[in-house]
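Chemist: Following is a predicted model, sequence given first.
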Amino acid sequence: MTGTEEEKPAAQRRSTVRSLLRLWPYVRPVRGRFLGAVAVATTASAMSLVIPLALKWIVDGPIADKDPSGVWLGGLALLVLGVLEAGLFGVRRMMVAGPLTGVEARMRAALYRRLQRLPVSFHDQWPSGQLLSRGTTDLMLLRIFLAFGVTFLVVNGLTIALGFVILLLQQWTLGLVLLAPVVPLVILCRYFEVSYSRAARTAQDQVGDLTTVVEESVLGIRVIKGFGQHRGQERAFAELSARLRGTEMHKARLLGVLWGLIMALPEVAIGAALMLGMVQVADDHLTAGALVAFLSTALALRWPVESIGFLLAIANDAAAATDRYMQVMDAPLPSPDPAAPATAEPPLPGDGLRMTGVEFRYPDAPPEAPPVLRGIDLHIRTGETMALVGATGSGKTTLTALIPRLHEATAGRITLDGQDIAALPRERLRRLVSVAFEEPTLFSASAGENVLMGTDEAREEELLRALAVAQADFVHDLPEGHRTQVGEQGLSLSGGQRQRLALARAVVGRPRFLVLDDPLSALDVHTEALVERALREVLATTTALVVAHRPSTVLLADRVALLSRGRIAAVGTHQELLHSNREYARLMSGQEHHPQAEGDARR
Ligand SMILES: Nc1ncnc2c1ncn2[C@@H]1O[C@H](COP(=O)(O)OP(=O)(O)OP(=O)(O)O)[C@@H](O)[C@H]1O
């Protein structure tokens with residue numbers, strides 16, 4: 001899912017103004033400074049309109065009277081006005097720079113907070129590049145709009161209005177000539193807005209797609225190199241890049257046409273006004289000074305008028321960026337924690353983990369597809385280790401994700417020591433249950449910090465205990481011990497080292513319940529023996545559900561549950577199931593060609 005504009009029906013397409021108004025809650029805290037800056041910029045801009053009036057006074061007064069001291073005085077007045085105008089624009093920039101970078105930082109923090117809280121199902125559906133680009137490129141576009149675009153849309157709009165009032169007051173006939181292009185320009189701007197806003201949204205979505213490809217290629221560089229896929233990736237990148245370039249060219253063409261017309265039409269009008277003005281001067285209906293002042297005012301309006309084109313472009317880019325930002329901010333959060341803990345059932349210490357009639361269906365699954373899990377009844381006694389075995393795609397990972405509520409069961413109940421997990425505050429649930437996933441994800445932090453993510457108490461003795469339990473003593477041999485940075489995703493460590501660090505993280509908070517998704521997957525024999533030893537230690541201390549693919553993992557468990565097409569088909573010891581259940585025997589025998597597994601299975 002990319003949330004692209006093309007997916008929406010035309011009726012739902014936004015209005016630029018309505019989209020931009022959604023920024024108000026973020027701008028509100030700095031509205032004083034913001035409006036002050038607009039006022040300062042408007043004053044500065046008005047100065048540029050006063051300068052022609054001073055010019056008229058110089059031409060009709062001291063120059064006509066051949067009075068040099070008056071000309072000097074007029075020149076000085078012009079200099080003061082010019083310096084004031086420049087100074088005020090500088091003040092405006094200083095007034096908004098700090099508060100607006102603050103707005104950007106707050107919006108970025110809010111987006112990050114939201115992303116952390118959104119459910120796993122949201123992240124399953126959104127490519128990470130789309131989220132990254134919303135937090136970077138889109139917010140940058142919004143800062144440009146807020147710091148520059150919106151101010152000058154207001155300031156230049158007011159300057160144009162004020163300028164035309166002055167022009168009409170000076171010479172209403174010539175003023176009307178200059179006003180003539182307004183109607184075609186408004187129609188043109190309207191057409192431009194519709195076409196440009198669509199192109200802006202497409203371009204920003206394409207930046208998101210491109211970011212996804214770059215991110216995937218960086219993270220998957222080993223696979224790409226291993227399979228010699230760099231040409232294919234380059235091709236995919238080049239295609240997306242060419243598509244983005246095409247959209248940007250389309251935007252540039254639209255802006256080029258608009259800008260050309262916005263510049264040409266007023267020039268034609270000024271030319272016409274000049275001709276008419278000269279006729280009036282020749283007929284003595286107008287002084288030369290009045291014509292100079294009129295034309296100077298008209299020329300002072302050139303920049304505000306010309307700027308409208310690219311200011312509209314900035315506004316449309318910002319509106320598309322706001323829509324994309326809000327798409328994430330509007331995504332629904334998981335249901336809030338239950339309000340009153342008093343309503344929760346009393347705990348039944350020693351009851352273990354129970355699943356009763358549990359059903360689960362992925363939110364994005366087609367409606368006709370059966371639920372991934374159906375009628376799951378399972379009881380893991382306190383202190384017991386239950387292995388979960390099943391064919392690939394039978395729903396093992398999905399089942400484990402329901403216990404820490406990474407996904408919410410669509411029906412049924414899961415209780416931990418008698419307490420329904422749906423009624424437990426998430427924070428308490430996360431303290432009760434620890435998880436180690438099949439792919440042991442580590443973060444760009446020290447080995448110790450990675451382990452201590454599993455607990456609120458960052459105590460060194462807890463860290464050392466967890467490292468010892470998980471047989472992760474190799475950490476002490478790293479150059480700076482547990483303070484050694486393990487690099488992005490822990491790629492500087494071996495698979496077995498990463499898996500043992502992930503185990504240490506799972507046990508550091510002394511959880512009562514432990515969920516492990518295939519912790520021995522893809523390990524060599526030597527490493528597997530190390531991790532297995534670690535697992536035995538770990539499992540002795542908790543109640544655990546362990547997804548197992550091979551007999552060596554199954555043998556760590558007291559009992560085994562067989563998951564078949566989303567249902568629990570059998571529960572028993574490894575030996576019992578091996579003799580009584582054909583599917584289980586087949587699954588286990590599938591490992592027999594593996595020497596390690598074969599040895600384990602015979603034990
Ligand atoms: N995010 C998702 N959205 C929709 N369907 C999903 C999602 N994740 C998994 N599935 C589907 O749910 C089913 C069970 O997947 P799951 O990963 O739980 O199986 P598994 O038993 O753990 O498989 P394996 O042993 O290969 O890891 C599969 O058919 C899979 O296609």
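Modeler: Received it, and whenever you're ready, just let me know what you need.
Chemist: Following the host helix or strand of Leu162 in sequence, what is the next regular element?
Modeler: Per DSSP states H and E: Leu162 is located in helix 150-170. Per DSSP H and E, helix 150-170 leads on to helix 172-179 as the next helix or strand towards the C-terminus.
Chemist: Ile403: what's it in contact with?
Modeler: Leu353, Ile414, Ile421, Val433, Val435, Phe513, Val515, Leu545 (CB atoms under 8 Å, 6 or more residues apart in numbering). Any C-beta I mention is one placed from the backbone N, CA and C, and that applies to glycine too.
Chemist: Please list the residues of the stretch 451-600 of the chain that sit near the ligand.
Modeler: Not one residue of the stretch 451-600 of the chain sits near the ligand, judged by CB under 6 Å from any ligand atom.
Chemist: for the contacts of Ile403, which one is nearest Gly395?
Modeler: Leu545 (13.1 Å; CB to CB).
Chemist: List the residues that contact the closest one.
Modeler: Leu353, Ile380, Thr385, Met386, Leu388, Thr400, Ile403, Phe513, Leu514, Val515, Leu516.
Chemist: and with 6 Å instead?
Modeler: Met386, Leu388, Val515 (CB atoms under 6 Å, 6 or more residues apart in numbering).
Chemist: Out of these, which comes closest to Leu555?
Modeler: Comparing the contacts of Leu545 against Leu555 with CB to CB picks out Met386 as the nearest, at 13.1 Å.
Chemist: excluding its backbone neighbours, what's nearest that closest one?
Modeler: Ile380 (4.5 Å; CB to CB, 6 or more residues apart in numbering).
Chemist: now do Ala391
Modeler: Nearest to Ala391 is Leu587, by CB to CB, 6+ apart, at 6.5 Å.
Chemist: okay, now that neighbour: neighbour count?
Modeler: 23 (other CB atoms under 10 Å).
Chemist: and the strand or helix carrying it, which residues are buried?
Modeler: Taking DSSP H and E as the criterion, Leu587 maps to helix 582-589. Buried positions in helix 582-589, judged by neighbour count with 16 or more other CB atoms under 10 Å: Glu583, Tyr584, Leu587, Met588.
Chemist: Residue numbers of the stretch 51-200 of the chain in contact with the ligand?
Modeler: Residues of the stretch 51-200 of the chain found near the ligand (CB under 6 Å from any ligand atom) are Asp124.
Chemist: Phe474 - how many residues pack around it?
Modeler: 16.
Chemist: Give me the three-state assignment for it.
Modeler: Following DSSP: H, G, I helix; E, B strand; the rest coil, we place Phe474 in the helix state.
Chemist: who's in contact with it?
Modeler: With CB under 6 Å, 6+ apart, Phe474 has these contacts: Gln497.
Chemist: so Leu556 sits in a helix?
Modeler: No. The assignment for Leu556, made by three-state DSSP, is coil rather than a helix.
Chemist: Could you count how many residues lie near it?
Modeler: Using other CB under 10 Å, Leu556 has 20 other residues around it.
Chemist: which residues sit in contact with Leu141?
Modeler: So Leu141 contacts Asp317, Ala318, Ala321 (CB under 6 Å, 6+ apart).
Chemist: wait, which of these is closest to the ligand?
Modeler: Ala321 (28.1 Å; CB to the nearest ligand atom).
Chemist: any idea which element that closest one lies in?
Modeler: helix 302-329.
Chemist: Which strands or helices does the helix or strand just after that helix pack on?
Modeler: Remark: after helix 302-329, the chain's next helix or strand is strand 353-360, criterion DSSP H and E. Counting contacts by 3 or more CB pairs under 6 Å, 6 or more residues apart in numbering; DSSP states H and E, strand 353-360 is packed against strand 373-380, strand 411-416.
Chemist: ok so, going back, by neighbour count, which of the contacts of Leu141 wins?
Modeler: Among the contacts of Leu141, the one with the most neighbours (other CB under 10 Å) is Ala321, at 27 neighbours.
Chemist: Contacts only, for that one.
Modeler: So Ala321 contacts Asp138, Leu141, Leu142 (CB under 6 Å, 6+ apart).
Chemist: switch the cut-off to 10 Å
Modeler: 19-20, 23, 133-134, 137-145, 200-201, 204 (CB atoms under 10 Å, 6 or more residues apart in numbering).
Chemist: what ranges do the helices span in the stretch 101-250 of the chain?
Modeler: 120-125, 128-135, 137-144, 150-170, 172-179, 182-219, 221-226, 230-282 (DSSP state H, counting those that start in this stretch).
Chemist: Confidence-wise, which of these is weakest overall?
Modeler: Confidence, taken as mean pLDDT, is least for helix 221-226 of these (a mean of 73).
Chemist: So what touches it?
Modeler: Glu216, Ser217, Val218, Gly220, Gln229, His230, Arg231, Gly232, Gln233, Glu234, Leu491.
Chemist: any chance of those residues in a markdown table, plus neighbour count?
Modeler: What follows is the contacts of helix 221-226, written out as a markdown table (neighbours: other CB atoms under 10 Å):
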| residue | neighbour count |
| --- | --- |
| Glu216 | 17 |
| Ser217 | 17 |
| Val218 | 10 |
| Gly220 | 14 |
| Gln229 | 15 |
| His230 | 12 |
| Arg231 | 9 |
| Gly232 | 11 |
| Gln233 | 17 |
| Glu234 | 13 |
| Leu491 | 12 |
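Chemist: from those residues, which is closest to the ligand?
Modeler: Glu216 (17.2 Å).
Chemist: Which of the helices and strands packed on strand 353-360 sits closest to the ligand?
Modeler: Closest approach to the ligand among the helices and strands packed on strand 353-360 is made by strand 373-380 (8.3 Å; CB to the nearest ligand atom).
Chemist: Give me the neighbour count for Pro425.
Modeler: Pro425: 14 neighbours (other CB under 10 Å).
Chemist: Next up, phi/psi of it, please.
Modeler: Main-chain dihedrals, Pro425, degrees, to the nearest 10: phi -60, psi 140.
Chemist: quick one on the thing from earlier: any chance of a PyMOL selection covering the buried ones in the contacts of Leu545?
Modeler: Buried residues within the contacts of Leu545, by 16+ other CB under 10 Å, are selected in PyMOL with:
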select buried, resi 386+388+515
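Chemist: The contacts of Leu545 in strands, which ones?
Modeler: Met386, Leu388, Val515 (DSSP state E).
Chemist: so the last one sits right up against Val538, yeah?
Modeler: Read it as Val515. No. Using CB atoms under 10 Å, Val515 makes no contact with Val538, being 11.9 Å away.
Chemist: Next, show the common contact partners of these two.
Modeler: By CB under 10 Å, 6+ apart, Val515 and Val538 have these common neighbours: Ser434, Ala436, Ala506, Ala544, Val546.
Chemist: show me what contacts the last one?
Modeler: Contacts of Val546 were listed using CB under 10 Å, 6+ apart, and they are 385-389, 400, 436, 514-520, 535, 538-539, 553-554, 556-557, 560.
Chemist: Are any of those residues buried, and if so which?
Modeler: Taking 16+ other CB under 10 Å as the criterion, what is buried in those is 385-389, 400, 436, 514-520, 535, 538-539, 553-554, 556-557, 560.
Chemist: on that earlier part again, which one of the shared contacts of Val515 and Val538 sits closest to Asp209?
Modeler: Closest approach between the shared contacts of Val515 and Val538 and Asp209, by CB to CB: Ala436, at 32.7 Å.
Chemist: Which pLDDT value belongs to the closest residue in space to the closest one that isn't next to it in sequence?
Modeler: Nearest residue to Ala436, sequence neighbours excluded (CB to CB, 6+ apart): Ala506, at 4.2 Å. Ala506 is assigned 87 on the pLDDT scale.
Chemist: can you pull out the helices in the stretch 351-500 of the chain?
Modeler: Under DSSP H, counting those that start in this stretch, the stretch 351-500 of the chain gives helices at 396-402, 426-432, 447-452, 460-469, 495-507.
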